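Colleague: Build me a model from this:
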Amino acid sequence: MTNQNNNQNQNNNKGIAKSIKNTAGSAFETMHNALETTENVAMNTVDAAKNATNNLTGNNKNNRNNR
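Modeller: Numbers count the residues shown, from 1 in each chain. Here you go, the predicted structure:
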């Protein structure tokens, strides 16, 4: 009976370990996706700032050339 209990406990522990591993994997994937989203937002902001700066300086150059 003790051997049977030990086997059952080992099986339970394996199931718990697998569940923890799966949860950790899901959490890692969620964080990875969040970081990618943050990176995309940051790069879009940089691109928008660059475009705004180019438009502003381009407009100033055009104004100087038309004088």
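
Colleague: what's the burial count for Ala17?
Modeller: Residues lying near Ala17 (other CB atoms under 10 Å) number 10. Placement of C-beta: from N, CA and C, glycine included.

Colleague: Quick one: list the elements packing against the helix or strand hosting it.
Modeller: Per DSSP states H and E: Ala17 is located in helix 2-65. Using 3 or more CB pairs under 8 Å, 6 or more residues apart in numbering; DSSP states H and E as the contact definition, helix 2-65 packs against no other helix or strand.

Colleague: Glu29 and Met43: what is the separation?
Modeller: Separation of Glu29 from Met43 (CB to CB, to the nearest Å) stands at 21 Å.

Colleague: now swap in Asn22 and tell me
Modeller: 32 Å.

Colleague: pLDDT weak spots in this protein?
Modeller: 1, 59-67 (pLDDT under 70).

Colleague: gap between the most centrally placed residue in the chain and Asp47?
Modeller: Nearest to the centroid of the C-alpha atoms of the chain, with distances taken as CA atoms, centre = their mean, sits Leu35, at 2.3 Å. Remark: distance between Leu35 and Asp47 (CB to CB) = 19 Å.

Colleague: and if you look at Asn12?
Modeller: For Asn12, the distance to Asp47 (CB to CB) stands at 53 Å.
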